[in-house]
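Novice: I would like the atomic coordinates for the input below:
(one chain, ligands or ions: 2)
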Amino acid sequence: EPELAGDFGTLMEWADKHRRMKVRTNAETPEDCRMALAFGAEGIGLCRTEHMFFDAARILAVREMILADEEAGRRAALAKLLPEQRGDFVAIFSAMAGLPCTIRLLDPPLHEFLPQRDDEFAELAEAVGVSVEHLKRRAGELHEFNPMLGHRGCRLGITFPEIYEMQARAIFEAACQVSATGGDPVVPEIMIPLVATRRELEILRALVDRVAAEVFAEQGRTLEYMVGTMIELPRAALMAGEIAQEARFFSFGTNDLTQTTLGVSRDDAGRFLAPYVEQGIFPRDPFVSIDVDGVGQLVRLAAERGRATRGDLKLGICGEHGGDPASIRFCEEVGLDYVSASPYRVPIARLAAAQAALG
Ligand code: PEP
Ligand code: MG
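Specialist: Ligands and ions are numbered 1, 2, ... in the order given. Below you'll find the model as predicted:
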């Protein structure tokens, strides 16, 4: 495992003396956690749970769940996924040893979970005992022309609440299990993605609170936890004052916020952004470095409106921009509490946060 030794390690220690913002990491495996910790991460700012669902051993149950005709079928498939998901969080909470962990509930573009090839349909049909034709028809019903603007994020939790219930249960059961082994108790931070309205968050926070109460009653133990949201849609940024009534923290999802503010697909931007930057239409690639006139204004406004509602609202960023030095400087100006970057960018984020704090 890496270690920041010698002069580089010393430089990092100096940087840490000067920075105000915390540096967290985006991680969803214990390996990534350990790597990030070795690089000095002070917590997880974003654990993307959809990555766990692609695990080869699980994808069948995931597809069964997504393609089930009704709630009972989804619940049966989710029951198979619960122990695995609990194991994911036990591993992460254990690796992070009491440091804050923000776990984001499921946010996949749905099509990524659907079977694509005939052999995948055949395998699933055999496993669940329905015809390939039936599954294909169901997949057709779920087809979306624009999945990134579609049935993902909290919309999934609103329409299929049993998915978020399973995940919340897995998080709380894992937190209880790890807290019972001694050391600092786990304080899970549960994050709801792609929120646009206060009401979405109100509904899903109530769901999380209900599951927490159930698990704590079963386990005979109570833990602190927080529910917060990503701010990654312009409407959420504009309505941050209201949304903060339901949120203990905001994390700026600047990947989606850039996509939705500019109306530029984050997946296809490569086709034309380079000439845009060459001609000075954008000073830098806005998916790399925060576009201060667009996304930046929304971040600033959401931070102000959110904090006006809730003075102790915790603010962070977990889009790719959280590992970009110019963006980190902007985050310091806006007064964010932390940035979150992929493990390999944690050292540069520590340095950039210190430089930003020094002015
Ligand atoms: C984001 O949108 O900035 C974000 C961190 O979430 P994801 O990249 O998973 O959509
Ligand atoms: Mg996002």
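Novice: What is the neighbour count of the closest residue to ligand 2 within the stretch 101-250 of the chain?
Specialist: Using C-beta to the ion, the closest approach of the stretch 101-250 of the chain to ligand 2 is made by Glu232 at 4.7 Å. In short, each C-beta sits where N, CA and C put it, glycine included. Using other C-beta atoms under 10 Å, Glu232 has 29 neighbouring residues.
Novice: and Ala57, how many neighbours?
Specialist: 7.
Novice: before we move on, back to that, got the contact list for the residue of the stretch 101-250 of the chain closest to ligand 2?
Specialist: 193-194, 252-257, 260, 319 (C-beta atoms under 8 Å, 6 or more residues apart in numbering).
Novice: Report the separation between the closest residue to it other than its chain neighbours and Glu120.
Specialist: Spatial nearest neighbour of Glu232, chain neighbours left out: Gly253 (3.1 Å); criterion: C-beta to C-beta, 6 or more residues apart in numbering. When C-beta to C-beta, to the nearest Å is the yardstick, Gly253 and Glu120 sit 30 Å from each other.
Novice: what's the answer for Thr181, then?
Specialist: 39 Å.
Novice: So which of these two has more stuff around it?
Specialist: Ranked by neighbour count (other C-beta under 10 Å), Thr181 and Glu120 place Glu120 first, with 15 against 9.
Novice: quick one, phi/psi of that one?
Specialist: Note on Glu120: its backbone torsions stand at phi -70, psi -40 [degrees, to the nearest 10].
Novice: so who does it touch?
Specialist: Per C-beta under 8 Å, 6+ apart, neighbours of Glu120: Arg63.
Novice: Would it be right to say that Pro283 lies in a helix?
Specialist: No. Going by DSSP: H, G, I helix; E, B strand; the rest coil, the assignment for Pro283 is coil, not a helix.
Novice: And the pLDDT for it?
Specialist: pLDDT for Pro283: 90.
Novice: Near it, how many other residues are there?
Specialist: If we define neighbours as other C-beta under 10 Å, then Pro283 has 12 of them.
Novice: got a list of what it touches?
Specialist: Applying C-beta under 8 Å, 6+ apart to Pro283 gives the contacts 277, 289.
Novice: near ligand 1, which residues of this structure?
Specialist: Contacts of the chain with ligand 1, taken as C-beta under 6 Å from any ligand atom, map to 46, 48, 107, 232, 253-256, 318-319.
Novice: Arrange those residues in JSON lines, one row each, with pLDDT, distance to Ala139 and secondary structure as further columns.
Specialist: As requested, those are arranged in JSON lines below (pLDDT from 0 to 100; distance: C-beta to C-beta, whole Å; DSSP: H, G, I helix; E, B strand; the rest coil):
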{"residue": "Leu46", "pLDDT": "98", "distance to Ala139": "29", "secondary structure": "strand"}
{"residue": "Arg48", "pLDDT": "97", "distance to Ala139": "23", "secondary structure": "strand"}
{"residue": "Asp107", "pLDDT": "97", "distance to Ala139": "20", "secondary structure": "coil"}
{"residue": "Glu232", "pLDDT": "98", "distance to Ala139": "27", "secondary structure": "coil"}
{"residue": "Gly253", "pLDDT": "98", "distance to Ala139": "28", "secondary structure": "coil"}
{"residue": "Thr254", "pLDDT": "98", "distance to Ala139": "32", "secondary structure": "helix"}
{"residue": "Asn255", "pLDDT": "98", "distance to Ala139": "27", "secondary structure": "helix"}
{"residue": "Asp256", "pLDDT": "98", "distance to Ala139": "25", "secondary structure": "helix"}
{"residue": "Cys318", "pLDDT": "98", "distance to Ala139": "31", "secondary structure": "coil"}
{"residue": "Gly319", "pLDDT": "97", "distance to Ala139": "30", "secondary structure": "coil"}
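Novice: Determine the number of other residues adjacent to the nearest residue to Arg20 once chain neighbours are set aside.
Specialist: Using C-beta to C-beta, 6+ apart and skipping residues adjacent in sequence, the residue nearest Arg20 is Ala357, 4.7 Å away. Using other C-beta under 10 Å, Ala357 has 15 other residues around it.
Novice: Val211: which of the contacts of Glu232 is nearest?
Specialist: Within the contacts of Glu232, the smallest distance to Val211 is 17.4 Å, found for Pro193 (C-beta to C-beta).
Novice: contacting residues around the closest one?
Specialist: Counting by C-beta under 8 Å, 6+ apart, Pro193 makes contact with 104-105, 107, 152-154, 229-230, 232, 253.
Novice: Show me those that map onto strands.
Specialist: Mapping the contacts of Pro193 onto strands (DSSP state E) picks out 104, 229-230.
Novice: Tell me the spacing between Ala352 and Met21.
Specialist: When Ala352 is compared with Met21 (using C-beta to C-beta), they lie 9 Å apart.
Novice: what sits in contact with each of those two?
Specialist: When contacts are counted by C-beta under 8 Å, 6+ apart, the set common to Ala352 and Met21 consists of Ile328.
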